[in-house]
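Peer 1: kindly return the folded structure for what I paste below:
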Amino acid sequence: MLGSVITSISGSSKYFLGGVITYSNDAKENMLNVSKQTMIKNGAVSEETAVEMAIGAKERFGSDIAVSITGVAGPEGGTAAKPVGLVWIGISTNNRAFARKFNFDGDRDGVRISAVNAAIELLADTIKNFH
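Peer 2: As a prediction, the model looks like this:
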């Protein structure tokens, strides 16, 4: 969804190199080099996984910046520790990598839309402070 929103803007090919949808843990590990140990210890929806996903995407595409999203959109899959609406958004730049935690309300589509909007805002804020 994030890639679709970004590429809906004419001329986005000047700055958008690509995206990877890594829904399964195996895909996160194999396509973005997320450590299996990270996911075992912290889970697929975690700060650590979001950071490693962003770093892996940056490395895969050779970009200056990358963003990742991992979360529980629902309606199933939530737990007391990781409820539906929990989303971690990761950013990786040449200088640092970090993730921010969000808790969104709403149904599956609402959580996904909120996550995309938050990712775009976080990405824009990071780009403003990039240099």
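
Peer 1: does K36 really touch E29, like I thought?
Peer 2: Yes - using Cβ atoms under 8 Å, K36 is in contact with E29, at 5.5 Å. Every C-beta, even on glycine, is put in place using the N, C-alpha and C of the backbone.

Peer 1: more crowded one of the two?
Peer 2: Neighbours were tallied for K36 and for E29 using other Cβ atoms under 10 Å; the higher tally belongs to E29 (18 against 11).

Peer 1: is the more buried one in a helix, a strand, or coil?
Peer 2: Put simply, E29 is helix when judged by DSSP: H, G, I helix; E, B strand; the rest coil.

Peer 1: longest helix in this structure, by residue count?
Peer 2: Criterion DSSP state H: the longest helix present in the chain is helix 108-128.

Peer 1: what are the buried residues along that helix?
Peer 2: V111, R112, I113, S114, A115, V116, A118, A119, L122, L123, T126 (16 or more other Cβ atoms under 10 Å).

Peer 1: could you dump these to TSV with pLDDT?
Peer 2: TSV is the format used below for these (pLDDT from 0 to 100):
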residue	pLDDT
V111	98
R112	98
I113	98
S114	98
A115	98
V116	98
A118	98
A119	98
L122	98
L123	96
T126	96
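
Peer 1: the closest residue to G85 other than its chain neighbours - how many residues pack around it?
Peer 2: Nearest in space to G85, with sequence neighbours left out and distances taken as Cβ to Cβ, 6 or more residues apart in numbering, is F104 at 4.5 Å. Residues lying near F104 (other Cβ under 10 Å) number 20.

Peer 1: switch to numbering from 66
Peer 2: Sure thing, new numbering starts at 66, so read that last one as F169.
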